[in-house]
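S.K.: Dropping the sequence and predicted coords here.
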Amino acid sequence: MRDDLLARAAHLGASTVHEAAGRIGALPSSITALYREQPAIAGRAATVLCPDGDNLWLHRAIYTAAPGEVLVVEVGTGEDFGYWGEIMATAAQERGIAGLVISGCVRDAVQMQRLGFPVFSTGTCIRGTVKDPLRPGAIGGRLRLGDVLVSPGDLVVGDADGVVVVPAEQAEAAVAAGEARERKEAGVMEQLRAGGTTLEIFGLPAGGGVQ
Ligand SMILES: O=C([O-])CC(=O)C(=O)O
Ligand SMILES: [Mg+2]
């Protein structure tokens, strides 16, 4: 997946890429941008599985991920821990990691906003994690977030709407279809500004007393 494709995907945003890919890959809506004004991101997925309440595999993943990759993390059922914070965000930024998507909580929200490090999480939690080398986790495996399977190298797009993950082999077609969709929507909005209605433009049945 080339960098220009990633830039085009980030520009389109998560909702458009999701629609254009055939309405696939929408991560649970509980995974949202950590702070307002957070930059939209697009990158290849670097997958991490963490045991509940343990972030050792996340520390390791900072040093195995390639620059430009997005860490996508499944934490099982133990959502309520601060798996990630400003120390880890600083380390990740130094390695060129594009952002974090996690099915659990993080902490140090204000500090990460100051750093400008993009995080998509289920919320914040002040409770810290352990780092137990005996507990099983994984880097580079297949994850499940909600009903979405995530493989390493998949396209991840996150913005204020949420996060979408598209299989790598479908990324190019999804971005091209997303651009066509954007052009079409720009035309629709032009028609609306010229006095048209969504009912006419989309050929929807009026009913309900609409004039
Ligand atoms: O230390 C941790 O486990 C998470 C954290 O708060 C940080 O990275 O600053
Ligand atoms: Mg901290």
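M.R.: Now that the structure is in, tell me what you want to look at. Ligands and ions are numbered 1, 2, ... in the order given.

S.K.: Downstream of the helix or strand hosting residue 164, the next helix or strand is which one?
M.R.: Here residue 164 sits within strand 162-166, counting by DSSP states H and E. The C-terminal neighbour of strand 162-166 among helices and strands, as given by DSSP H and E, is helix 168-193.

S.K.: and that next one with strand 162-166, angle?
M.R.: In terms of direction (axes from the mean of the first three to the mean of the last three CA atoms, to 10 degrees), helix 168-193 departs from strand 162-166 by 130 degrees.

S.K.: helices or strands next to the longest strand seen in the chain in the packing?
M.R.: For the chain, the strand reaching the highest residue count under DSSP state E is reported as strand 41-49. The contact analysis (3 or more CB pairs under 8 Å, 6 or more residues apart in numbering; DSSP states H and E) places strand 41-49 against helix 3-12, helix 56-62, strand 70-74, strand 138-139, strand 143-145, strand 155-159. Yep, even glycine has a C-beta here, placed from its N, CA and C like the rest.

S.K.: Now that strand - C-alpha only, CSV.
M.R.: Written as CSV, here are the backbone C-alpha positions of strand 41-49 (Å, rounded to 0.1, in the frame of the first residue of the first chain):
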residue,chain,number,x,y,z
ILE,A,41,-5.1,9.1,10.1
ALA,A,42,-4.6,6.4,7.5
GLY,A,43,-2.0,3.7,7.8
ARG,A,44,-1.2,0.0,7.6
ALA,A,45,-2.3,-2.0,10.6
ALA,A,46,0.3,-3.4,13.0
THR,A,47,-1.7,-5.8,15.2
VAL,A,48,-1.3,-6.4,18.9
LEU,A,49,-3.1,-8.7,21.3
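
S.K.: ok, that strand: who's next to it in the sheet?
M.R.: Paired strands of strand 41-49, with direction, are strand 70-74 (parallel), strand 138-139 (antiparallel), strand 155-159 (antiparallel) (DSSP bridges).

S.K.: neighbouring contacts of the shortest one?
M.R.: It refers to strand 138-139. With contact meaning CB atoms under 8 Å, 6 or more residues apart in numbering, strand 138-139 is reached by 46, 47, 48, 49, 57, 60, 61, 64.

S.K.: 6 Å instead?
M.R.: Contacting residues not belonging to strand 138-139 are listed as 48, 49, 61, 64 [CB atoms under 6 Å, 6 or more residues apart in numbering].

S.K.: Name the residues linked to the first one by a beta bridge.
M.R.: Translated: residue 48. Following DSSP bridges, residue 48 is listed with bridge partners residue 73, residue 139.

S.K.: Tell me the spacing between residue 77 and ligand 2.
M.R.: As judged by CB to the ion, to the nearest Å, residue 77 and ligand 2 stand 23 Å apart.

S.K.: Now do that residue: how many residues are near it, please.
M.R.: For residue 77, the neighbour count with other CB atoms under 10 Å is 8.

S.K.: Can you tell me which residue of this structure sits closest to ligand 2?
M.R.: residue 85 (3.2 Å; CB to the ion).

S.K.: So which bits of this structure are right by ligand 2?
M.R.: 85, 108 (CB under 5 Å from the ion).

S.K.: list the buried ones in stretch 14-30?
M.R.: 14, 15, 16, 17, 18, 19, 20, 21, 24, 25, 26, 27 (16 or more other CB atoms under 10 Å).
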